[in-house]
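Participant: for reference, the sequence and a predicted model appear below.
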Amino acid sequence: MSFETPGPVEARLRDAISPIEEIIDEARKGRMYILVDHEDRENEGDLCIAAEFADAAAINFMATHGRGLICLPMTADRIDRLGLPMMAVNNSSRHETAFTVSIEAREGVSTGISAADRALTVATAINEQNTMASLATPGHIFPLRAKRGGVLVRAGHTEAAVDISRLAGLNPSGVICEIMKEDGTMARLPDLVDFAERHGMKIGTISDLISYRARNDNLVDETARSTVTSEYGGDWEMRIFTDQTHGIEHVVLVKGDISTPEPVLTRTHALHEASDVLGLGPKPTQELPRAMEKIAAEGRGVVCLFRQPRNALYASDEDGVRTIKQTGLGAQILSKMGLHELILLTDSPQTRYLGLDAYGLTIVGTRPILKDA
């Protein structure tokens, strides 16, 4: 089952959702807006404001009406320059929300929790002239590290808030807060529509932001093409795509004519040297060659090999590109190749796939790799 299109509630309430261009304009004007993610992801709405406009009144509104955790999404570069360590070395949270240690302005605050104190902490953290010497830890503001590449790599509120501020020509940072109802449960889209009308706010969706960036931004370029011969399936056309975010080359092996409209048999595979080359670790080592043999037997299909942006041989499985489990480079590569309908080779058919509609991709079915062997 794929989850590449807006959910039924979002589709039904489409008239209540503003174009992403209007959301960017709201951010540019210093106004707060609501950002909604996919119904099959967190399915929540966040109050968002560009961080440079997050004054005491904005923080107080979030605390009073949003009721969630007030966080400060920033770019990975800014987090690195501040030297903020991650809250968890091995992130096991469901959606991999990248919390750093919490922070406080070192000077000018009292207890740190007041709206004015938290606004000062935000202003201190995003000021490029400041270093970690201007901050203390722990504190009452929770920075979030946005993935390089933004929502084209991870379809989360963290990346969306940073992307929107950047697209608005502002400091690439935001302040966000989940919206909860009075009974303490999460506000869903119908509740958020009422909330927005009550407070005169606009609602945007992360799906629309992905579509906007997919139309206007480019993270991958095809840099080479050649014919190669493998013991797994014989001759293949090998196409190299370079990731502009990390400078990493990803490999796509093509078998047959994939330009016709029929669904294309596709295997997306995150390369892992320890398992793929040395046969180490818990993952099956025959997935890749078996997938290549299946596509060769079909006579038509693609194998996408995504390299991880890491230096260590052993690294967390959560590091780097997660193929197309999230909107990302894999989807952009497949789209650039002119693919539209995919049949995935996978032994995990229950996996949810988000945001593919922004790239014109649809998963129409799956086939097993090893489970039918």
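Facilitator: Yes, it's here.
Participant: okay, helices next: where are they in the stretch 251-373 of the chain?
Facilitator: 273-276, 287-298, 329-336 (DSSP state H, counting those that start in this stretch).
Participant: I'd like the average pLDDT over the shortest one.
Facilitator: In other words, helix 273-276. Mean pLDDT, computed over helix 273-276, is 70.
Participant: pretty sure residue 222 contacts residue 243?
Facilitator: No. If you go by Cβ atoms under 8 Å, residue 222 and residue 243 don't touch, sitting 11.6 Å apart. In short, each C-beta sits where N, CA and C put it, glycine included.
Participant: still on that earlier bit, mind putting the helices of the stretch 251-373 of the chain into TSV with mean neighbour count and distance to residue 13?
Facilitator: Shown next, in TSV, are those (neighbours: other Cβ atoms under 10 Å; distance: least, Cβ to Cβ, whole Å):
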stretch	mean neighbour count	distance to residue 13
helix 273-276	16	44
helix 287-298	19	40
helix 329-336	23	25
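Participant: so which of residue 222 and residue 243 has more stuff around it?
Facilitator: Neighbour count, other Cβ atoms under 10 Å: between residue 222 and residue 243, residue 243 has more, with 23 against 13.
Participant: tell me what that one is bridged to.
Facilitator: Beta-bridge pairing of residue 243 under DSSP bridges involves residue 220, residue 248.
Participant: got the contact list for it?
Facilitator: 219, 220, 249, 250, 309, 329 (Cβ atoms under 8 Å, 6 or more residues apart in numbering).
Participant: highest neighbour count among those residues?
Facilitator: For the contacts of residue 243, neighbours were counted by other Cβ under 10 Å; the highest total belongs to residue 329, with 26 neighbours.
Participant: how about the nearest residue to the residue nearest in space to the middle of the chain, chain neighbours excluded?
Facilitator: Of all residues in the chain, the one closest to the mean position by Cα atoms, centre = their mean is residue 154, 0.8 Å from it. Nearest non-adjacent residue to residue 154, counting by Cβ to Cβ, 6 or more residues apart in numbering: residue 147, 4.4 Å away.
Participant: residue contacts, that neighbour?
Facilitator: Contact analysis of residue 147 by Cβ under 8 Å, 6+ apart lists 76, 98, 153, 154, 156, 158, 159.
Participant: and the residue nearest to the centre of the chain, how far from residue 163?
Facilitator: Distance of residue 154 to residue 163, computed by Cβ to Cβ, to the nearest Å: 11 Å.
Participant: same deal with residue 364?
Facilitator: Residue 364 is 30 Å from residue 163, by Cβ to Cβ.
Participant: which one of those two is surrounded by more residues?
Facilitator: Using other Cβ under 10 Å as the criterion, residue 364 and residue 163 rank with residue 163 on top: 26 against 12.
Participant: centre of the chain to the helix or strand harbouring the more buried one, how far?
Facilitator: Using DSSP states H and E, residue 163 falls within helix 157-167. Helix 157-167 has its C-alpha centroid displaced from the chain centroid by 11 Å (Cα atoms, centre = their mean, to the nearest Å).
Participant: other SSEs contacting it?
Facilitator: helix 20-28, strand 33-36, strand 45-50, strand 67-74, strand 174-179, helix 206-216 (3 or more Cβ pairs under 8 Å, 6 or more residues apart in numbering; DSSP states H and E).
Participant: including mean pLDDT, could those go into TSV?
Facilitator: As requested, these are exported to TSV (pLDDT from 0 to 100):
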stretch	mean pLDDT
helix 20-28	98
strand 33-36	97
strand 45-50	98
strand 67-74	98
strand 174-179	98
helix 206-216	86
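Participant: mind putting the ones you listed in TSV, mean neighbour count and distance to residue 108 included?
Facilitator: Formatted as TSV, the helices and strands packed on helix 157-167 follow (neighbours: other Cβ under 10 Å; distance: least, Cβ to Cβ, whole Å):
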stretch	mean neighbour count	distance to residue 108
helix 20-28	20	26
strand 33-36	26	28
strand 45-50	28	21
strand 67-74	22	17
strand 174-179	25	18
helix 206-216	21	34
